[in-house]
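>>> Give me coordinates for this.
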Amino acid sequence: MKVLQVPLAAVSPEALTGLVGEFVTRDGTDYGTRERTVESKIQSVRRQLERGDIVIVFDTESETFNIVPKGGL
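As a prediction, the model looks like this:
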């Protein structure tokens with residue numbers, strides 16, 4: 001399995017919106033005991049991407065994208 005980090009600048013705004021939206025609505029993406037809107041979750045993930053705390057990766061074997069902690073490559 002080969003995983004490549006995708007530079008944030010290489011992702012179109014439309015693709016980023018779709019990727020982040022899909023990520024925050026996946027099963028198992030619980031954000032604690034307090035309910036948060038999908039929009040709030042999306043904004044939070046976008047801020048983390050912009051800060052570099054999390055990154056977008058592409059798995060060449062499964063041909064899928066994911067968002068992971070920066071050190072999780």
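>>> Count the neighbours of the residue lying closest to Thr25 once chain neighbours are set aside for me.
Leaving aside its sequence neighbours, Thr25 sits nearest to Val38 (Cβ to Cβ, 6 or more residues apart in numbering; 6.4 Å). C-beta here means a position set from N, CA and C on the backbone, and glycine is covered the same way. Val38 has 10 neighbours, counted by other Cβ atoms under 10 Å.
>>> Could you do the one 5 residues further on as well?
Around Gln43 sit 14 other residues, with neighbours defined as other Cβ under 10 Å.
>>> looking just at contacts, which helices and strands does the helix or strand hosting Glu22 meet?
In this assignment (DSSP states H and E), Glu22 forms part of helix 13-24. Applying 3 or more Cβ pairs under 8 Å, 6 or more residues apart in numbering; DSSP states H and E, one finds that helix 13-24 makes contact with helix 38-51, strand 64-69.
>>> buried stuff in that helix?
By neighbour count on 16 or more other Cβ atoms under 10 Å, the buried set for helix 13-24 is 16, 19-20, 23-24.
>>> Thanks a lot, see you next time.
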